[in-house]
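A.B. asks: structure for this input, please:
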Amino acid sequence: GEVQKVRARAVGAEHEQMLARSDGYMTAWMLYQLTGNEEAETVFFGENAEILTNKNWQDVEKNR
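C.D. replies: This is a model prediction of the structure:
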């Protein structure tokens, strides 16, 4: 099957700040990937994915 991928950059974040800045999204990613949580899925996937309108993130790329 197709591997689900999402990539984005936090606006104004230096490399060492990325882990702390992405904590909420990492939690949502794990909830979706490990438990199939449908609410967490909407954060990343679909035409209206939350990450697409989050002004704190830029250069969002995804394959679903």
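
A.B. asks: quick one: least confident helix or strand in the chain?
C.D. replies: helix 18-21 (a mean of 86; mean pLDDT, DSSP states H and E).

A.B. asks: what about the closest residue to residue 63 other than its chain neighbours, how many residues close to it?
C.D. replies: Leaving aside its sequence neighbours, residue 63 sits nearest to residue 5 (Cβ to Cβ, 6 or more residues apart in numbering; 5.0 Å). For the C-beta atoms, the positions are set from N, CA and C on the backbone; glycine is no exception. For residue 5, the count of nearby residues is 10 (other Cβ atoms under 10 Å).

A.B. asks: who's in contact with residue 5?
C.D. replies: Contacts for residue 5 (Cβ atoms under 8 Å, 6 or more residues apart in numbering) come out as 61, 62, 63.

A.B. asks: isn't residue 44 right next to residue 32, touching?
C.D. replies: Yes - using Cβ atoms under 8 Å, residue 44 is in contact with residue 32, at 7.1 Å.

A.B. asks: neighbour count winner among these two?
C.D. replies: Neighbours around residue 44 and residue 32, counted as other Cβ under 10 Å, are more numerous at residue 44. The numbers are 22 against 19.

A.B. asks: ok, the more buried one to residue 26 distance?
C.D. replies: 11 Å (Cβ to Cβ, to the nearest Å).

A.B. asks: same deal with residue 20?
C.D. replies: From residue 20 across to residue 26, the span is 10 Å (Cβ to Cβ).
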